[in-house]
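In: this one's sequence-less:
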């Protein structure tokens with residue numbers, strides 16, 4: 001028997017409406033028409049799925065802390081055994097996702113977590129006491145603070161804070177049991193410093209200095225004086241930059257494991273000897289980026305996740321011999337967030353696929369047994385028969401091959417399908433195939449194909465590919481979308497006459513730029529927290545981010561770069577945007593300020609281009625609260641129904 005969920009949205013639009021959805025008070029809505037409650041009744045179940053991410057192992061027990069959402073935002077939960085109930089620990093109106101237990105069973109009476117307010121990303125650190133649930137603020141309540149690692153004894157915690165000047169991420173150390181112990185370890189210059197690991201004897205802190213996606217360095221800081229030593233020398237002027245990612249000390253403190261693209265197109269896991277600075281490559285036989293790794297506390301085992309054409313694959317290595325062990329047999333899916341328990345035997349990781357949201361699993365490294373700790377719901381809708389996305393490739397204007405993933409609607413939809421091009425942010429990021437979430441409704445009920453491109457500038461395809469859109473090359477990535485329109489036209493199952501483009505953050509810029517470059521090939525576009533003017537964006541993004549963005553986009557203080565921005569920024573080309581646009585923004589966004597949305601909306605309204613605007617007063621860089629995400633989803637469906645489907 002046909003489910004009521006199968007009724008097409010188009011029929012609902014013609015039905016008499018008993019009532020319309022009322023936006024919650026945090027939402028500012030301009031130009032968005034009334035949305036029938038019937039839309040939410042039909043599409044709502046597609047937003048009721050959950051996902052679970054790994055947060056931390058308990059230092060004493062074989063027990064996990066995870067992040068998942070039961071109400072409006074993701075919070076911390078405890079899971080006592082595989083398949084066990086999720087016991088909620090934190091209850092805040094804003095999401096909580098990061099937390100650390102002290103890595104010493106004798107101090108397992110608390111953990112430390114970070115949380116912001118309203119999506120502003122001015123994170124504060126808190127101590128959570130077990131079992132009382134009492135919460136103590138550890139930081140100043142005003143600056144941006146980033147959670148770092150505990151020392152091996154669990155007595156000291158390293159973190160960064162911008163409290164000195166709002167710009168530089170200085171290094172601090174604190175005993176969470178004694179907030180008055182908080183002290184400045186070292187002042188730094190730049191917003192990209194992050195502590196990675198403590199030496200086993202607690203005398204040194206391994207710190208990364210991030211300059212850009214292609215340039216970063218490792219430092220050793222003495223933990224009493226703050227004196228520092230550069231571990232990875234800076235390259236000569238004009239030479240290729242080198243990046244490092246992550247770091248973990250070996251048990252003897254003489255070396256660290258880290259991922260680097262030194263002498264390679266891809267990030268490889270290496271053992272870096274602190275004395276000789278020799279790099280011993282661990283993953284030389286794997287021609288892909290290392291995304292994540294974890295070294296067991298006893299120093300015997302390495303778990304490594306490599307990004308293999310967009311899919312996270314798990315590898316195990318002997319940390320002494322650096323030889324790979326037999327590949328574990330895992331369910332199909334995309335692996336991430338690997339972490340060893342202190343016992344050195346149990347490995348936690350996340351896994352998601354087109355058929356199930358992200359969930360937490362564990363691997364017994366001795367027996368090979370895989371256990372599922374969480375089984376996230378999918379809103380009562382069966383996803384077991386979902387179609388896997390298709391890896392697709394096309395040639396761009398310069399004959400370079402660009403790739404992406406295509407999700408096709410079920411076979412019940414015949415004829416060429418309308419297409420939604422969804423462009424990732426970053427741009428130093430990559431679309432990875434996984435569970436489509438709410439977008440299942442577009443596939444299963446509206447018959448819209450979803451196409452996720454990884455244009456030049458994306459990660460995962462080598463550092464040279466990531467540099468191809470830098471600064472004055474910015475519009476070459478937009479041309480990749482132009483070539484994609486030609487590819488869509490070559491597919492008999494896709495309708496080149498019904499195409500929309502959407503993206504968030506940098507993807508929002510791409511949506512805006514595509515809208516003015518290829519207006520004649522689009523029906524409509526959706527811009528979510530997107531950059532409309534590179535000059536005002538760089539001048540107004542938070543101070544701690546500004547210098548980290550200039551290597552990617554260019555320095556707006558340079559007259560030549562500024563002139564280029566005036567030429568290519570969507571705001572200065574808005575007269576060419578003639579197709580309907582939906583702009584979505586969080587008021588508290590520290591990355592892409594709300595003014596980026598306001599100025600493009602005002603310009604489009606002035607020139608009478610159809611524009612809808614949705615702004616959340618309690619959100620930042622994208623919506624995190626379910627009530628806001630739901631309304632955004634329903635409004636986007638109304639936009640698609642009106643402008644893409646006819």
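Out: Yep, that arrived. Note that the structure is a prediction, hence the values are computed from the model and not measured.
In: CA only for contacts and neighbour counts going forward, please
Out: Noted.
In: wait, isn't residue 304 in contact with residue 296?
Out: No: assessed by C-alpha atoms under 8 Å, residue 304 is found out of contact with residue 296, at 11.4 Å.
In: Strands along the stretch 301-450 of the chain, start to end?
Out: Using DSSP state E, counting those that start in this stretch, the strands found in the stretch 301-450 of the chain span residues 301-308, 311-318, 334-340, 346-353, 356-364, 370-372, 390-395, 401-407, 417-423, 449-454.
In: Could I get those in CSV, plus columns for distance to residue 183?
Out: As requested, the strands of the stretch 301-450 of the chain are arranged in CSV below (distance: least, C-alpha to C-alpha, whole Å):
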stretch, distance to residue 183
strand 301-308, 33
strand 311-318, 38
strand 334-340, 29
strand 346-353, 33
strand 356-364, 36
strand 370-372, 41
strand 390-395, 51
strand 401-407, 47
strand 417-423, 43
strand 449-454, 43
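In: Now do the helices in this protein.
Out: Here the chain has its helices, by DSSP state H, at 9-14, 37-43, 440-444, 463-466, 474-490, 506-517, 534-540, 543-553, 559-568, 594-606, 626-643.
In: any idea of the mean pLDDT for the last one?
Out: When the per-residue pLDDT values of helix 626-643 are averaged, the result is 97.
In: Next one: residue 581 from residue 527, what distance?
Out: 7 Å (C-alpha to C-alpha, to the nearest Å).
In: swap that for residue 42, please
Out: 25 Å.
In: So which of the two has more stuff around it?
Out: Per other C-alpha atoms under 10 Å, whichever of residue 42 and residue 527 has more neighbours is residue 527, with 27 against 18.
In: hmm, back to that, of the helices of the chain, which is nearest residue 185?
Out: With C-alpha to C-alpha as the criterion, residue 185 lies closest to helix 543-553 of the helices of the chain, at 18.8 Å.
In: pLDDT value on residue 237, please?
Out: 78.
In: Tell me how many other residues crowd it.
Out: 7.
In: what's the answer for residue 291, then?
Out: Residue 291 is flanked by 22 other residues according to other C-alpha under 10 Å.
In: swap in residue 132?
Out: For residue 132, using other C-alpha under 10 Å, the count is 9.
In: Surely residue 516 and residue 577 touch.
Out: Yes: between residue 516 and residue 577 there is a contact under C-alpha under 8 Å: 4.6 Å.
In: quick one, which of the two is more surrounded?
Out: Counted by other C-alpha under 10 Å, residue 516 and residue 577 do not tie: residue 577 has more neighbours, with 25 against 19.
In: and the gap between that one and residue 497?
Out: Distance from residue 577 to residue 497, by C-alpha to C-alpha: 17 Å.
In: same question, residue 591
Out: Computed as C-alpha to C-alpha, the residue 591 to residue 497 distance reads 34 Å.
In: Which one's more surrounded, those two?
Out: Between residue 591 and residue 497, counting by other C-alpha under 10 Å, residue 591 is the more crowded of the two (24 against 18).
In: Next up, the contacts around the closest residue to that one other than its chain neighbours.
Out: Distance criterion C-alpha to C-alpha, 6 or more residues apart in numbering; nearest residue to residue 591, sequence neighbours excluded, is residue 541 at 5.2 Å. Residue 541 is in contact with 590-593, counting by C-alpha atoms under 8 Å, 6 or more residues apart in numbering.
In: With residue 89 instead?
Out: By C-alpha under 8 Å, 6+ apart, the contact list for residue 89 reads 75-78, 133.
In: make it 7 Å
Out: 76-78 (C-alpha atoms under 7 Å, 6 or more residues apart in numbering).
In: One more: residue 622?
Out: 529, 585-586.
In: could you measure it against residue 587, distance?
Out: From residue 622 to residue 587 the distance is 10 Å (C-alpha to C-alpha).
In: in the stretch 201-350 of the chain, what spans have low per-residue confidence?
Out: Scanning the stretch 201-350 of the chain for pLDDT under 70 picks out no residues.
In: 90 - rerun?
Out: 233-240, 309-310, 332 (pLDDT under 90).
In: what's the answer for the chain, then?
Out: Counting by pLDDT under 90, the ranges of the chain that qualify are 1-18, 97, 105-106, 131, 233-240, 309-310, 332, 383-387.
In: who does the longest strand along it pair up with?
Out: Ranked by residue count, the top strand of the chain under DSSP state E comes out as strand 494-504. Sheet pairing of strand 494-504 (DSSP bridges) gives strand 417-423 (parallel), strand 524-528 (parallel).
In: What are the contacting residues of it?
Out: Outside strand 494-504, the residues within contact range by C-alpha under 7 Å, 6+ apart are 416-425, 488-489, 508, 510-511, 522-530, 644.
In: next one: stretch 281-289
Out: Stretch 281-289 has contacts (C-alpha under 7 Å, 6+ apart) with 266-271, 306-308, 322, 460.
In: The same query, at a cut-off of 8 Å, please.
Out: So stretch 281-289 is contacted by 266-271, 306-309, 322-323, 460-462 (C-alpha under 8 Å, 6+ apart).
In: filter those residues to the buried ones?
Out: Buried residues within these, counting neighbours by 16 or more other C-alpha atoms under 10 Å: 266-271, 306-309, 322, 460-462.
In: Export the residues you listed to JSON lines and append columns for distance to residue 241.
Out: Below are the buried ones among the contacts of stretch 281-289 laid out as JSON lines (distance: C-alpha to C-alpha, whole Å):
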{"residue": "266", "distance to residue 241": "13"}
{"residue": "267", "distance to residue 241": "13"}
{"residue": "268", "distance to residue 241": "15"}
{"residue": "269", "distance to residue 241": "17"}
{"residue": "270", "distance to residue 241": "17"}
{"residue": "271", "distance to residue 241": "20"}
{"residue": "306", "distance to residue 241": "22"}
{"residue": "307", "distance to residue 241": "21"}
{"residue": "308", "distance to residue 241": "23"}
{"residue": "309", "distance to residue 241": "24"}
{"residue": "322", "distance to residue 241": "26"}
{"residue": "460", "distance to residue 241": "17"}
{"residue": "461", "distance to residue 241": "17"}
{"residue": "462", "distance to residue 241": "13"}
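In: distance between stretch 579-598 and the chain's centre?
Out: Mean-position distance between stretch 579-598 and its chain equals 18 Å (C-alpha atoms, centre = their mean, to the nearest Å).
In: measure the residue most central in space within the chain to residue 312 for me?
Out: The centroid of the chain falls nearest to residue 429 when counting by C-alpha atoms, centre = their mean (7.9 Å). For residue 429, the distance to residue 312 equals 14 Å [C-alpha to C-alpha].
In: One more: residue 56?
Out: 20 Å.
In: neighbour-wise, which of these two wins?
Out: Per other C-alpha under 10 Å, whichever of residue 56 and residue 312 has more neighbours is residue 312, with 24 against 21.
In: looking at it, the more buried one is touching residue 338, isn't it?
Out: No: at 10.8 Å, residue 312 does not count as touching residue 338 under the criterion of C-alpha under 8 Å.
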